[in-house]
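Student: this one's structure only:
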């Protein structure tokens, strides 16, 4: 069981994963195009989509990121109970 955040981030099992985060950024995107993209991606929660001042960013988090997120959730639940 993970007992600290440092232990969570330094886990050798996660360090060996070769899974880079993928990122796509483009500018000149209208609000209507952004909303159309969100409608197409509605059923796909794997992508994180952000929009600000006509700049669109789509990020596909790495497996390492997702594993750390899950372990951190477990750690927080254990601490709060």
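Tutor: On my side now, so go ahead. Because the structure is predicted, anything quoted here is derived from the model rather than measured.
Student: just give me the neighbour total for the closest residue to residue 55 other than its chain neighbours.
Tutor: Excluding its sequence neighbours, the residue lying closest to residue 55 (C-beta to C-beta, 6 or more residues apart in numbering) is residue 27, at 5.0 Å. For the C-beta atoms, the positions are set from N, CA and C on the backbone; glycine is no exception. Counted by other C-beta atoms under 10 Å, the residues lying close to residue 27 total 8.
Student: for residue 27, give its distance to residue 36.
Tutor: Shown here: residue 27 relative to residue 36, a distance of 17 Å by C-beta to C-beta, to the nearest Å.
Student: circling back: torsion angles phi and psi at the residue nearest to residue 55?
Tutor: Main-chain torsions, residue 27, degrees, to the nearest 10: phi -120, psi 170.
Student: distance of it relative to residue 71?
Tutor: For residue 27 relative to residue 71 (C-beta to C-beta), the value is 35 Å.
Student: how about the helices in this structure?
Tutor: 5-9, 12-15, 31-40, 63-80 (DSSP state H).
Student: so which of those helices comes closest to residue 21?
Tutor: helix 63-80 (6.4 Å; C-beta to C-beta).
Student: in stretch 46-59, what's buried?
Tutor: The neighbour-count check on stretch 46-59 (16 or more other C-beta atoms under 10 Å) flags 51, 56, 58-59 as buried.
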